[in-house]
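> pasting the structure only:
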């Protein structure tokens, strides 16, 4: 039995014994907490174990790190990730289930065979983790795009054999955004399957180091999410494949702030033809996560564009701690019902198996 799985089983057993005996859990990483009044909780007053679901939680395998780091140096949180760190953060935060996914820079660096192999390695690892404790983990399958044929095979394997919860994509592949016609076979298959498609931003190849003092994730990640939303909507991809259930990271990037410009673009005749149900119909059926975006100013704008029924919780672990993201969410003046929806209820429409 691996050390990671042994740790998972030990923590799960301690949780069960605590529930049965009414005792507290031992260990420096486990915080004594009490239940807050509805809608007024803070990160330090959450129940020790809530049923919160973290839709935006990253992992990395040793093989992924060995393959990717020499080509695109990974940040320290990903290079040093392990399952014990994820479990410790989940315990501190009160997270019942974390949905695992690969973060930027993704998998593709020009070698088709290497990309296929590392996608399979990541997906097999994620599936083992979910299988060992399906209540605590879920996963979005990594895809070997822009190799469309390989992606179609990996969709079949990941969803039919591994039974993963959905598909994970990045916002662009070699500067091609998700509405690019070359990806149509992939989205046709995902639409047929009514798949959940989680997206994570990367920097556009032509937009790196534009402001040398600022790392790409500060500006470019949100901007690239916006570009990919625009690509999916204005290409007609979202209307053409209406059964795909999209999740966009970081509250949709800058899209909510740019909504007036999106609305103007939607009035142009060619765009209007590709939006038979209108712009807002498409934007408001997407889901948006809270990772690094739960801020009163951001949420005030988001609330003018998207109903909170379409917002799901994310931590962006290991780049951010879960308790920090919970505290940020609790600063956004949400009602108890809105908080409950974001923390759990909304995601159950995407991943119904978590209802049990």
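Received, thanks. This is a predicted model, so every value here is computed, not measured.
> count the residues that sit near residue 182.
Residue 182 has 11 neighbours, counted by other C-beta atoms under 10 Å. Any C-beta I mention is one placed from the backbone N, CA and C, and that applies to glycine too.
> host element of residue 288?
Assigning secondary structure by DSSP states H and E places residue 288 in strand 287-289.
> my error: substitute residue 113 in the last question.
Using DSSP H and E, residue 113 sits in helix 112-132.
> show me the strands in this structure, by range?
52-58, 95-101, 137-142, 166-170, 172-173, 176-177, 196-200, 245-248, 287-289, 311-312 (DSSP state E).
> wait, which of the ones you listed is closest to residue 332?
strand 311-312 (10.1 Å; C-beta to C-beta).
> what about stretch 75-82, how long is it end to end?
Criterion C-alpha to C-alpha, to the nearest Å; first-to-last residue distance in stretch 75-82 is 14 Å.
> can I get the strands of the chain in JSON lines including mean pLDDT?
JSON lines is the format used below for those (pLDDT from 0 to 100):
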{"stretch": "strand 52-58", "mean pLDDT": "97"}
{"stretch": "strand 95-101", "mean pLDDT": "97"}
{"stretch": "strand 137-142", "mean pLDDT": "98"}
{"stretch": "strand 166-170", "mean pLDDT": "98"}
{"stretch": "strand 172-173", "mean pLDDT": "96"}
{"stretch": "strand 176-177", "mean pLDDT": "98"}
{"stretch": "strand 196-200", "mean pLDDT": "98"}
{"stretch": "strand 245-248", "mean pLDDT": "98"}
{"stretch": "strand 287-289", "mean pLDDT": "98"}
{"stretch": "strand 311-312", "mean pLDDT": "98"}
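> look up how far residue 106 lies from residue 170.
4 Å (C-beta to C-beta, to the nearest Å).
> got any residues that touch both of those two?
The contact sets of residue 170 and residue 106 overlap at 200, 202 (C-beta atoms under 8 Å, 6 or more residues apart in numbering).
> residue 193 reaches residue 159, doesn't it?
Yes: in this structure, residue 193 is within contact of residue 159 by C-beta atoms under 8 Å, at 6.4 Å.
> those two: which has the busier surroundings?
The neighbour comparison of residue 193 against residue 159 (other C-beta under 10 Å) goes to residue 159, with 19 against 16.
> hang on, the earlier thing: for residue 64, find the nearest of the strands of the chain.
Proximity to residue 64, assessed across the strands of the chain by C-beta to C-beta, is greatest for strand 137-142 (8.6 Å).
> flag the shaky bits of the stretch 251-356 of the chain, pLDDT-wise.
Judged by pLDDT under 70, the stretch 251-356 of the chain has no weakly predicted residues.
> where along it do the helices fall?
Assigned by DSSP state H, counting those that start in this stretch, the helices in the stretch 251-356 of the chain fall at 259-266, 269-273, 279-285, 296-302, 322-329, 336-340, 346-348.
> the closest residue to residue 102 other than its chain neighbours pairs with what?
Spatially, and ignoring its direct neighbours in sequence, residue 102 is nearest to residue 142 (4.5 Å; C-beta to C-beta, 6 or more residues apart in numbering). Using DSSP bridges, the beta-bridge partners of residue 142 come out as residue 168.
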